[in-house]
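Participant: model the following, please.
(one chain, ligands or ions: 1)
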Amino acid sequence: MTVYFIGAGPGDPDLITVKGQRLIHRCPVIIYAGSLVPAAVLEGHSAQTVINSAELHLAQIIDAMQLAHQQGLDVARVHSGDPSLYGAIGEQIRYLRELGIPYEIVPGVTAVAASAALLGCELTLPDIAQTVILTRYGDKSPMPAGEQLADLARHRTTLAIHLGVKHLERIVEELRPHYGGDCPIAVVHRATWPDQDWVLDTLDGIVRQVQAKGFRRTALILVGHVLASDGFAESALYRASHAHLYRP
Ligand SMILES: C[S@@+](CC[C@H](N)C(=O)[O-])C[C@H]1O[C@@H](n2cnc3c(N)ncnc32)[C@H](O)[C@@H]1O
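Facilitator: Below you'll find the predicted structure:
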């Protein structure tokens, strides 16, 4: 018996991995994060028990896993995007280890990857930005020391901010001194869902645009000059004069 933490991807049920889908089809117990995982991801399952974890607290989720373990039943624990990012799997894993219940993680397509795909851009351009910082806005759960937005913005890298759209005005104020008011910023709402939408503007202009669209939840904020740059150097990888193992 194993608990499989499965990344469901950003919304579109076609964006789950083959491995994740096979497990969902065959596991007799499914526990899914119903606030962000669409029901369509579970289509074709043959489970005898399907639980929406959005309605449960941690102890109840662990109880359900422990019961499945006692009955020798595999569990598909389905999280949105990739489970390793803001999925709260760390605390579940700690209990599983204590209880001696085996687990495995099946990765998924992140909201960051889905949003970059929707915008049709690369997040790492030579000479512009070679680093992407994935973070979240510290609202109810504070950020650790050294991880305030201003600390991260100082690097002027590409920045992906989760769980922050409600605080966009404050975020813009914190970023502007570091990136400049003309820096491109995108807010991607429900990437890959049927009602997906997005806005691409500058730090100076984004708040008005997002207010007009009414995005309040499930939106990713991407910031950085890679979002609107055509004046960058080409990569060494495909440069004709650059030799490497596969192109001596
Ligand atoms: C709890 S985090 C989960 C992140 C997820 N584990 C991942 O790998 O993308 C939820 C936040 O991720 C972002 N997010 C998740 N799905 C999204 C989507 N389809 N489009 C845009 N942002 C999304 C939003 O910022 C949302 O508030």
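
Participant: ok, now which ones touch the residue of the chain found nearest the ligand?
Facilitator: The nearest approach of the chain to the ligand comes at residue 81, 2.1 Å away (Cβ to the nearest ligand atom). The way it works is simple: take the backbone N, C-alpha and C, and place the C-beta from them, glycine included. Contact analysis of residue 81 by Cβ atoms under 8 Å, 6 or more residues apart in numbering lists 7-10, 36, 87, 108-111, 114.

Participant: kindly report the same for residue 204.
Facilitator: Residue 204 neighbours (Cβ under 8 Å, 6+ apart): 176, 181-182.

Participant: out of those residues, which are buried?
Facilitator: residue 176 (16 or more other Cβ atoms under 10 Å).

Participant: which one of the contacts of residue 204 is nearest to residue 233?
Facilitator: Set against residue 233, the nearest of these by Cβ to Cβ is residue 182 (21.0 Å).

Participant: could you find the closest non-adjacent residue to the closest one?
Facilitator: residue 202 (5.1 Å; Cβ to Cβ, 6 or more residues apart in numbering).

Participant: residue 131 now?
Facilitator: In space, residue 131 is closest to residue 157, 4.0 Å off (Cβ to Cβ, 6+ apart).

Participant: tell me the pLDDT at the nearest residue to residue 132 once chain neighbours are set aside?
Facilitator: Nearest residue to residue 132 in three dimensions, chain neighbours excluded: residue 158, at 4.6 Å (Cβ to Cβ, 6+ apart). Predicted confidence (pLDDT) for residue 158: 98.

Participant: compute the number of surrounding residues for residue 158.
Facilitator: 25 (other Cβ atoms under 10 Å).

Participant: picking that back up, how near is the residue nearest to residue 131 to residue 96?
Facilitator: Per Cβ to Cβ, to the nearest Å, residue 157 is found 35 Å from residue 96.

Participant: please apply the same query to residue 241.
Facilitator: 52 Å.

Participant: higher neighbour count, the two?
Facilitator: For residue 241 versus residue 96, the count of surrounding residues by other Cβ under 10 Å is larger for residue 96: 22 against 5.

Participant: contact partners for the nearest residue to the more buried one once chain neighbours are set aside?
Facilitator: Once flanking residues are discounted, residue 96 sits nearest to residue 103: 5.0 Å by Cβ to Cβ, 6+ apart. Contact analysis of residue 103 by Cβ under 8 Å, 6+ apart lists 2-5, 93, 96.

Participant: before we move on, what about residue 116?
Facilitator: Counting by Cβ under 8 Å, 6+ apart, residue 116 makes contact with 122-123, 222.

Participant: tell me the SS of it?
Facilitator: Judged by DSSP: H, G, I helix; E, B strand; the rest coil, the three-state class of residue 116 is helix.

Participant: likewise for residue 152?
Facilitator: helix.

Participant: residue numbers of the protein in contact with the ligand?
Facilitator: Within the chain, the positions adjacent to the ligand are 10-11, 36, 80-82, 85-87, 110-111, 114-115, 162-163, 188, 190-193, 218-220 by Cβ under 6 Å from any ligand atom.

Participant: how many neighbours does the residue nearest to residue 182 have?
Facilitator: For residue 202, the count of nearby residues is 18 (other Cβ under 10 Å).

Participant: what sits closest to residue 74 if chain neighbours are left out?
Facilitator: Per Cβ to Cβ, 6+ apart, closest to residue 74 is residue 27, 4.6 Å.

Participant: just checking, that neighbour touches residue 4?
Facilitator: Yes: the pair residue 27 / residue 4 is scored as a contact, 6.8 Å apart, by Cβ atoms under 8 Å.

Participant: those two: which is more packed in?
Facilitator: residue 27 (25 against 21).

Participant: let me see the contact set for the more buried one.
Facilitator: Counted by Cβ under 8 Å, 6+ apart, residue 27 has contacts 4, 45, 47, 73-76.
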